[in-house]
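Undergrad: Fold the stuff below for me.
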Amino acid sequence: WRLEIFDDTYSGTVILKTGRVVINRKKVKFMDVIRGMSLDIFLDAEKDDTTYDRFISTIGDKKFPVTLKKNNTETIFNGFLDVEGIIESFVQDRWIVKLTAIDGLGYLENTLYLDSNANPYIGKETELNILARCLQLTGQGMNFRLFQDRLVYRTDPGGFGLTAKPIITTLINQERFRNTDQDQSPFNVKKVIEGVLVKYGYTVWQQNNYWYVARIRDYWGQ
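TA: As a prediction, this is how the structure comes out:
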């Protein structure tokens, strides 16, 4: 098992640490659409070790991408270090720093459904393209599998040219993704995804370096 934490601000040699990880899958209800996961990371530390200072002093999400691989080829998890989820434990015989990494689904509830210019989307769009835009806003570069069709789609929308499945051909007027408050504020991305997928009984989760979009019975049935 190999865990990699990337830091764009670091220019030195790779720092090797020993430790362990625990994969956590969020407890969900049967019809929950968003099924996120996280990692608890326990790394050995030495006295006066400053390796982790950059994580503690950094503010903001999506700063440190995290990848967990098996046999250095099979990707088990993609996510980001949660800079608020860092604990230093210096009361044991071995000093341990605990980090937490979350996948991009955890950001969707606090991310508004806006275009690159921070404006609400307007006009009609296919449900498939809307889903692609939403998954792109996780910050992950993974594409997604619509498992019912065993097809792979890009998270950068456009030009799919595929068979006429409902989620591919159904159009939605994006002006409807507004709340009923006085300011008509835009939906968060989690609410948009749920609006698209819940009627199909689809859920979304991370697996094998893809986002999987499927009905549970279809997934286990194949």
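
Undergrad: What residues does Arg176 make contact with?
TA: Counting by Cβ atoms under 8 Å, 6 or more residues apart in numbering, Arg176 makes contact with nothing. Every residue, glycine included, has its C-beta placed from N, CA and C.

Undergrad: now the strands for this structure?
TA: 2-5, 19-25, 37-45, 65-70, 74-81, 87-89, 95-102, 124-126, 144-146, 151-153, 171-173, 203-207, 210-214 (DSSP state E).

Undergrad: and those as JSON lines, adding mean pLDDT and distance to Ala118?
TA: Shown next, in JSON lines, are the strands of the chain (pLDDT from 0 to 100; distance: least, Cβ to Cβ, whole Å):
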{"stretch": "strand 2-5", "mean pLDDT": "94", "distance to Ala118": "29"}
{"stretch": "strand 19-25", "mean pLDDT": "92", "distance to Ala118": "32"}
{"stretch": "strand 37-45", "mean pLDDT": "89", "distance to Ala118": "28"}
{"stretch": "strand 65-70", "mean pLDDT": "95", "distance to Ala118": "23"}
{"stretch": "strand 74-81", "mean pLDDT": "94", "distance to Ala118": "21"}
{"stretch": "strand 87-89", "mean pLDDT": "65", "distance to Ala118": "34"}
{"stretch": "strand 95-102", "mean pLDDT": "87", "distance to Ala118": "23"}
{"stretch": "strand 124-126", "mean pLDDT": "93", "distance to Ala118": "18"}
{"stretch": "strand 144-146", "mean pLDDT": "84", "distance to Ala118": "24"}
{"stretch": "strand 151-153", "mean pLDDT": "52", "distance to Ala118": "25"}
{"stretch": "strand 171-173", "mean pLDDT": "93", "distance to Ala118": "20"}
{"stretch": "strand 203-207", "mean pLDDT": "92", "distance to Ala118": "24"}
{"stretch": "strand 210-214", "mean pLDDT": "90", "distance to Ala118": "24"}
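
Undergrad: And the ones you listed: which comes nearest Tyr52?
TA: Smallest distance to Tyr52 across the strands of the chain (Cβ to Cβ): 5.2 Å, for strand 95-102.

Undergrad: could I get the strands of the chain as CSV with distance to Leu114 and mean neighbour count?
TA: Formatted as CSV, the strands of the chain follow (distance: least, Cβ to Cβ, whole Å; neighbours: other Cβ atoms under 10 Å):
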stretch, distance to Leu114, mean neighbour count
strand 2-5, 29, 15
strand 19-25, 29, 13
strand 37-45, 26, 18
strand 65-70, 22, 17
strand 74-81, 20, 20
strand 87-89, 34, 12
strand 95-102, 21, 19
strand 124-126, 14, 14
strand 144-146, 20, 21
strand 151-153, 21, 15
strand 171-173, 16, 13
strand 203-207, 20, 21
strand 210-214, 20, 22
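
Undergrad: so which of those comes closest to Thr13?
TA: Per Cβ to Cβ, nearest to Thr13 of the strands of the chain: strand 2-5, 14.1 Å.

Undergrad: What pairs with that closest one, parallel or antiparallel?
TA: As defined by DSSP bridges, the strand partners of strand 2-5 come to strand 65-70 (antiparallel).

Undergrad: Show residues contacting the strand it pairs with.
TA: 1-6, 21, 23, 39, 41, 75-81, 101.

Undergrad: Any figure for the gap between the residue nearest the centre of the chain and Thr169?
TA: By Cα atoms, centre = their mean, the chain has its centre lying nearest to Gly104, at 2.0 Å. Applying Cβ to Cβ, to the nearest Å, the value for Gly104 to Thr169 is 27 Å.
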